[in-house]
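Trainee: need the 3D shape of this:
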Amino acid sequence: MKILMLLPELDEGGVERHVIMLSDAMQQAGHSVDIASWGGKLEKQLPRGIQHYKVRVHSKNLLTLYWTAREISRLVRKNGYDVIHAHARAPAWAAMWVSRATKTPLVVSAHCSYGNKSKWIYKPHRSASAVICVSESVRQDMTTCFSDNAIVIRNGLPPAPSWETPIKAEATKLLFIGRLASVKGLQDALHALAQVRSEKLWTLDVVGDGPMEQDLKNLTKELGLKDKVHFHGFRDDTDQWMLNSDCLLFPSYREGLSLTLARAIQMGMPVLASNIPSVKELSAGEAYYPEPGDIPAWSTALTSLVEGQMPQSDFIPKKIPTVTQMAANTLGVYAGVLNRSDAKANGELS
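Mentor: Numbering: from 1, shown residues only. As a prediction, the model looks like this:
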């Protein structure tokens with residue numbers, strides 16, 4: 001098969017890393033994959049053989065997306081793609097118009113639950129041959145926005161190194177990895193850490209960048225945490241940061257299925273996570289998880305952590321598929337879509 005992946009950008013984020021891993025696995029399985037996006041720092045991580053086309057699919061202006069769709073349609077006709085796979089809402093609009101213009105089947109991935117559930121926004125999802133949700137929690141939360149074409153394929157990951165308790169240091173080493181945006185909840189973790197009353201020492205390493213970076217640095221100073229909280233920007237060696245830390249903080253308000261959380265679970269690393277559906281989906285459902293935004297609850301949990309009591313999570317690593325399994329399941333969706341498309345073209349389906 002020849003597949004064209006569409007996503008807004010190739011900057012830092014779970015969607016970008018997901019597309020890169022998925023495309024690489026499909027290519028290794030003998031398929032041809034190209035990517036269209038506005039580009040970004042992760043372009044350098046694209047596997048050999050995958051062509052990248054820079055197009056304005058990151059725009060939220062429908063007129064811009066319409067003209068971008070015309071450009072992509074020419075690309076689809078030239079390269080003869082069998083399937084168009086859009087990741088995110090804006091590229092899905094362009095992909096819908098391309099699909100109609102070129103008669104190429106469309107698949108859309110839903111990587112998270114959105115607060116805005118206005119039906120018109122998700123017209124491309126309902127018109128797609130299939131919608132792939134990265135978790136059951138996404139499928140259930142967005143069910144009114146999609147038609148009956150939604151299925152679940154969880155994000156997969158490559159084999160992970162095993163986490164072992166780091167050599168005891170003077171301070172408990174906490175870690176946050178992610179995009180610096182309000183939905184990730186780091187601002188709450190900082191407020192909660194400022195309320196920790198313990199003689200034990202701790203530090204927090206923040207790995208990632210994003211729109212709230214400067215605001216979070218300012219907040220760190222205002223809370224008197226400048227000497228304990230260290231911002232390191234975007235890094236591509238996150239496994240090593242996990243191996244060298246005592247506990248991952250995951251205070252998110254909303255997630256589809258976080259690759260960072262999944263990686264920590266794979267590795268066996270202690271995690272203090274918020275009580276959101278996608279977190280509970282990866283657990284046995286019996287451990288305690290503080291509510292997102294509940295600063296007193298997070299402060300209590302963090303105090304216990306700093307005092308040496310690691311979170312008693314009940315995550316189930318087997319719930320996270322391999323990249324190969326994820327790719328095989330996705331290719332199975334493509335095959336089903338193409339079979340239905342052929343049957344319809346031959347008059348076998350109404």
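Trainee: can you map out the helices along the stretch 101-250 of the chain?
Mentor: Across the stretch 101-250 of the chain, reading from the start of the chain, the helices by DSSP state H, counting those that start in this stretch fall at 123-127, 136-141, 186-194, 213-222, 238-243.
Trainee: what's the most buried one of the ones you listed?
Mentor: Per-residue neighbour counts averaged over each of the helices of the stretch 101-250 of the chain give the maximum for helix 186-194, namely a mean of 22 (mean count of other C-beta atoms under 10 Å). For every residue, glycine as well, the C-beta is placed using N, CA and C.
Trainee: can you list contacts of that helix?
Mentor: For helix 186-194, the surrounding residues in contact (C-beta atoms under 8 Å, 6 or more residues apart in numbering) are 176, 178, 180, 202, 204, 206, 212, 215-216, 219-220, 223-225, 228-229, 249, 251, 292-293, 295-296, 298-299, 301-302.
Trainee: what's the burial count for residue 53?
Mentor: A total of 16 residues lie near residue 53 under the criterion other C-beta atoms under 10 Å.
Trainee: that one and residue 47, how far apart?
Mentor: According to C-beta to C-beta, to the nearest Å, residue 53 stands 16 Å off from residue 47.
Trainee: so for the strand or helix carrying residue 328, what gets flagged as buried?
Mentor: In the assignment (DSSP states H and E), residue 328 maps to helix 323-345. Of the residues in helix 323-345, those buried by neighbour count under the rule 16 or more other C-beta atoms under 10 Å are 323, 326, 327, 328, 329, 330, 331, 333, 334, 337, 341.
Trainee: so where's this structure shaky on pLDDT?
Mentor: Across the chain, the ranges flagged by pLDDT under 70 are 343-350.
Trainee: middle-most residue in it, spatially?
Mentor: The centre of the chain sits closest to residue 14, judged by C-alpha atoms, centre = their mean, with a distance of 3.2 Å.
Trainee: isn't that residue right up against residue 262?
Mentor: No. With contact defined as C-beta atoms under 8 Å, residue 14 and residue 262 do not form a contacting pair (9.3 Å).
Trainee: need the overlap of contacts for the two.
Mentor: Common contact partners of residue 14 and residue 262 (C-beta under 8 Å, 6+ apart): residue 155.
Trainee: narrow the contacts of helix 186-194 to those that are buried.
Mentor: Neighbour counting over the contacts of helix 186-194 (16+ other C-beta under 10 Å) leaves 176, 178, 180, 202, 204, 206, 212, 216, 219-220, 225, 228-229, 249, 251, 292, 295, 298-299, 301-302 as the buried ones.
Trainee: and the residue nearest to the centre of the chain, what does it touch?
Mentor: Taking C-beta under 8 Å, 6+ apart as the definition of contact, the neighbours of residue 14 are 111, 155, 256, 258, 259, 260.
Trainee: distance of it relative to residue 255?
Mentor: Counting by C-beta to C-beta, the gap from residue 14 to residue 255 is 8 Å.
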